[in-house]
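Novice: Output the structure for:
(chains A and B)
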Amino acid sequence: MTPAVQFTDVSRVFGAVKAVDRVSIAIEEGEFFSMLGPSGSGKTTCLRLIAGFEQPTSGSIRIHGVEAVGLPPYQRDVNTVFQDYALFPHLSVLDNVAYGLKVKGVARSERHARAEEALAMVALADYGVRKPAQLSGGQRQRVALARALVNRPRVLLLDEPLGALDLKLREQMQSELKKLQRQLGITFIFVTHDQSEALSMSDRVAVFNKGRIEQVDSPRNLYRQPATPFVAEFVGTSNVLAGDLARRLSGDEQPFSIRPEHIRLGEGTAAADEILVSGLLHDIQYQGATTRYEVRLDNGENLAVALGNDHARDAELLYRPGQRVTARWPKAAMVRLCSGSV
Amino acid sequence: MELTLEAAERPATGGPLRRLSDLLYRKPGLYLGLLLAPPLTWFGAIYLGSLLNLLWQGFYTFDDFSMTVTPELTLANFRALLQPANFDIILRTLSMAVAVTLACAALAFPIAYYMARYTTGRTKAFCYIAVMLPMWASYIVKAYAWTLLLAKGGVVQWFVENLHLQPVLEFLLGVPGVGGSTLSTSHLGRFLVFVYIWVPFMILPIQAALERLPPSLLQASADLGAHPRQTFFQVILPLSVPGIAAGSLFTFSLTLGDFIVPQLIGPPGYFIGSMVYAQQGAVGNLPMAAAFTLVPIALIAVYLSIIKRLGAFDAF
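Specialist: Next comes the predicted model:
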């Protein structure tokens, strides 16, 4: 099957800055694909390359098998939900949604019917006559979504669309977006810097760092088998054990990742498949569901440990800062990382 | 040793200035009142007061015989506005104001668009200065300079001759209502000078409106399938209408009230401004001058209500 979007060795250079550096990806038809990374990592530029707002410095971008380099945005079968929504302030909500149909010359009655339908899909059926300024942030976001979907694109691009919403609304929109994507069966390409958002919504996630892709994988694999130190630390939190510590654990310098929730505290001798390290407990943070401990190992490195709090006891109360503790984890919980980018 | 600690004395609330600023902080209404009192006094008493007083004098009686004004109230002056000779003046001025406004909008838009969307930093500063520089020169000097530029044997004619465009010029000067014997005595020449003098007042508001236009709106339009021409007519133009409306108010009202350009350039015949000037200065018929003053005010009020109805102020 032809991929919905295929990047082959795509670079985009702004002056001396390589915003996108030899990126190759294949995004499958009908998948919910996230581009995750910190700001300035190149994920938004990649999205703009697909939309046609930017042209690559080199490389090839195919959309459904057709070379898209050089094509202007209005000749691409993709639509975008903008970070600031970019609703037209002088048009009513209905005219905003119908805009894509209007410029394609769809007759008034049909485009209004289809716009009404799209508004109903995002639960804003009665808001057509309002102006965007009369809507709340969450409602504008839905209008932007309806406006992008009314053209029935095969690929929908979403540029951090939930960034401006408060937490509750964001969680609600996450599940609605996911539901919508399953229902419509079209490809969603979702840009975000929020790793939990990417993990909870996506079929696959590409992790960007400094213009390059570090890893492309399912959320589960990304979390369980991070490929690089960057991925291990950006997706969830992780202890990356490198250098001397790594050599003593395995004999070579290749770093390891160990998740804080896989580490336990407690005395006792090591089982055969266990690693034990002792250190000084120097910080305790109560985080509700878990309590987070910072253990300063004897070589000066820090180890983060997360213990669950259950109804009977708060793990927070078991230890005091300044106390010597032993951290232990099963060998199988450690993940070997490549030291560089893949 | 035992230390006896005394509570530190609270720092005094300070001098009268400090107390005044505290008072103003506590009473925002008083603060706003003080802030607005001088301009409101100026605007209310001196500006609006004298304007209303002037308009009131439009109801006074002027005796043609003794050339004196008596405070007997009459509607004769306003009725006189509708006499063919006076009504012609109003129509002539109004049609010029409309033509100048349309030409200014057409000329200003591309410049404003370029300034707002294509320039940054030094280029933008250069453009601002280039647009405003002519406004720093004396208006009278510019008007006189144009009489020379447009005169027979002047620079404009020299260009026309060297480009072999005399037939075009002769044709234009032959069109009734536009032409005249030479450029400097034609309606066309007067129109050119008006456009030259007022176009900066159109460029700057349009430029400000276009500057506020977020680039993402244009991208959204293209993303939804609009060709650049459609984006222009569906997004850019409607959103710059408030700027065009503001600019057109300037060019329209400035042309309506001008009394120097019509005297220096163009065919004989009064404009509203020069009529007011003549009535008041030469004739001493202040009541008639006052009645004429009402005309631009009424026309601009009508113009404002029209553009408001067209939705010029709805976009933001």
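
Novice: Let me see the mean pLDDT of the longest strand belonging to chain A.
Specialist: Taking DSSP state E as the assignment, the strand of chain A that covers the most residues is strand A:274-286. Across strand A:274-286, the average pLDDT comes to 89.

Novice: Stretch B:175-187 too?
Specialist: Mean per-residue pLDDT for stretch B:175-187: 81.

Novice: Next, the buried residues of that stretch.
Specialist: By neighbour count on 16 or more other Cβ atoms under 10 Å in any protein chain shown, the buried set for stretch B:175-187 is B:G179, B:G180, B:T182, B:L183, B:S184, B:T185, B:S186, B:H187. In this view, the C-beta of every residue, glycine as well, is placed from N, C-alpha and C.

Novice: what about the last one, distance to B:F159?
Specialist: Taking Cβ to Cβ, to the nearest Å as the criterion, B:H187 is separated from B:F159 by 20 Å.

Novice: Pull the contacting residues for B:A108.
Specialist: If a contact means Cβ atoms under 8 Å, 6 or more residues apart in numbering or on different chains, then B:A108 has B:V199, B:M202, B:I203, B:I206, B:G247 as its contacts.

Novice: Now flag whichever of those is closest to chain A.
Specialist: B:I206 (15.7 Å; Cβ to the nearest Cβ).

Novice: Helix or strand for that closest one, just tell me which one.
Specialist: Using DSSP states H and E, B:I206 maps to helix B:187-211.

Novice: picking up where we left off before, give me the next element, helix or strand, following the longest strand of chain A.
Specialist: Scanning forward in sequence from strand A:274-286 by DSSP H and E, the next helix or strand is strand A:290-297.

Novice: counting contacts, what elements does the one helix or strand A:T44 maps to pack onto?
Specialist: In this assignment (DSSP H and E), A:T44 forms part of helix A:43-51. Counting contacts by 3 or more Cβ pairs under 8 Å, 6 or more residues apart in numbering or on different chains; DSSP states H and E, helix A:43-51 is packed against strand A:5-14, strand A:17-27, strand A:32-36, strand A:58-63, strand A:78-81, strand A:155-159, strand A:187-192, strand A:204-209.

Novice: Strand partners (parallel or antiparallel) of the fifth one?
Specialist: The strands beside strand A:78-81 in its sheet (DSSP bridges) come out as strand A:155-159 (parallel).

Novice: Touching the partner strand from outside, list them.
Specialist: If you take Cβ under 8 Å, 6+ apart as the criterion, strand A:155-159 is touched by A:4-5, A:44, A:47, A:50-51, A:63, A:77-83, A:148-149, A:177, A:181, A:186-191.

Novice: Break chain A down into its structural domains.
Specialist: Per the record, chain A has its domains at A:5-226, A:239-336, by automatic domain parsing.

Novice: between those domains, which gets the lowest average pLDDT?
Specialist: domain A:239-336 (a mean of 85).

Novice: Quick one: work out the angle between the host helix or strand of A:E171 and strand A:187-192.
Specialist: Using DSSP H and E, A:E171 sits in helix A:167-184. Counting by axes from the mean of the first three to the mean of the last three Cα atoms, to 10 degrees, helix A:167-184 lies at 160 degrees to strand A:187-192.

Novice: quick one: buried residues of helix A:167-184?
Specialist: Of the residues in helix A:167-184, those buried (16+ other Cβ under 10 Å) are A:R170, A:M173, A:Q174, A:L177, A:K178, A:L180, A:Q181.

Novice: Quick one: list the elements packing against it.
Specialist: Applying 3+ Cβ pairs under 8 Å, 6+ apart, one finds that helix A:167-184 contacts helix A:137-149, strand A:187-192, helix A:195-201.

Novice: what are the C-alpha coordinates of the shortest one, in PDB please?
Specialist: This means strand A:187-192. Included here for strand A:187-192 are C-alpha records, laid out as PDB according to Å, rounded to 0.1, in the frame of the first residue of the first chain:
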ATOM      1  CA  THR A 187      -4.900   9.800   8.300                       C
ATOM      2  CA  PHE A 188      -4.200  12.200  11.200                       C
ATOM      3  CA  ILE A 189      -0.800  13.800  11.600                       C
ATOM      4  CA  PHE A 190      -0.600  15.400  15.000                       C
ATOM      5  CA  VAL A 191       2.200  17.700  16.200                       C
ATOM      6  CA  THR A 192       2.600  18.000  19.900                       C
END
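
Novice: on that earlier part again, for the longest strand of chain A, what is the distance to the chain centroid?
Specialist: Distance, stretch centre to chain centre, for strand A:274-286: 30 Å (Cα atoms, centre = their mean, to the nearest Å).

Novice: buried residues in that strand?
Specialist: When burial is assessed from 16+ other Cβ under 10 Å, strand A:274-286 yields the following buried residues: A:I275, A:V277, A:G279, A:L281, A:I284.

Novice: Can you tell me the strand partners of it and which way each runs?
Specialist: Strand A:274-286 has these partner strands in its sheet, going by DSSP bridges: strand A:290-297 (antiparallel), strand A:324-330 (antiparallel).

Novice: do you know which of these lies nearest B:V175?
Specialist: Closest approach to B:V175 among these (Cβ to Cβ): strand A:290-297, 85.7 Å.

Novice: which residues sit against that closest one?
Specialist: For strand A:290-297, the external contacting residues (Cβ under 8 Å, 6+ apart) are A:245, A:260-261, A:265, A:277-285, A:302-309, A:314-316, A:319, A:325, A:327.

Novice: now with 6 Å?
Specialist: By Cβ atoms under 6 Å, 6 or more residues apart in numbering or on different chains, the list of residues contacting strand A:290-297 from outside reads A:277, A:279-285, A:302-303, A:305-309, A:315-316, A:327.

Novice: How about stretch B:276-285?
Specialist: Stretch B:276-285 is contacted by residues B:F62, B:M67, B:F259, B:L286, B:M288, B:A289, B:F292, B:T293 when judged by Cβ under 6 Å, 6+ apart.

Novice: Please work out how many residues are found near the fifth one.
Specialist: In terms of burial, B:M288 registers 25 neighbours under the definition other Cβ atoms under 10 Å in any protein chain shown.

Novice: what distance separates the one helix or strand it maps to from the middle of the whole chain?
Specialist: According to DSSP H and E, B:M288 maps onto helix B:286-309. Its chain's average C-alpha position is 14 Å from that of helix B:286-309, according to Cα atoms, centre = their mean.

Novice: tell me the contacts of the most centrally placed residue in chain B?
Specialist: Most central in chain B under Cα atoms, centre = their mean is B:F250, positioned 2.0 Å from the mean C-alpha point. Contact analysis of B:F250 by Cβ under 6 Å, 6+ apart lists B:F201.

Novice: Now the helix or strand hosting it: buried residues?
Specialist: Counting by DSSP H and E, the element that carries B:F250 is helix B:237-257. By neighbour count on 16+ other Cβ under 10 Å, the buried set for helix B:237-257 is B:238-257.

Novice: Check stretch B:78-98 too.
Specialist: Those would be B:F78, B:A80, B:L81, B:N86, B:I89, B:I90, B:R92, B:T93, B:L94, B:M96, B:A97, B:V98, for stretch B:78-98 by 16+ other Cβ under 10 Å.

Novice: Spell out which parts of the stretch 201-316 of chain B neighbour chain A.
Specialist: B:216-217, B:219-220, B:222-227, B:230, B:238-239, B:315 (Cβ under 6 Å from any Cβ of the partner chain).

Novice: Now restrict those residues to buried residues only.
Specialist: For those, buried by 16+ other Cβ under 10 Å: B:216-217, B:219-220, B:222-226, B:230, B:238-239, B:315.

Novice: Could you point out which of the strands paired with strand A:274-286 sits nearest B:L35?
Specialist: Nearest to B:L35 among those is strand A:290-297; the distance by Cβ to Cβ comes to 53.5 Å.

Novice: If you count neighbours, what's buried in that closest one?
Specialist: Neighbour-count burial for strand A:290-297 flags A:T290, A:T291, A:R292, A:Y293, A:E294, A:V295 (criterion: 16+ other Cβ under 10 Å).
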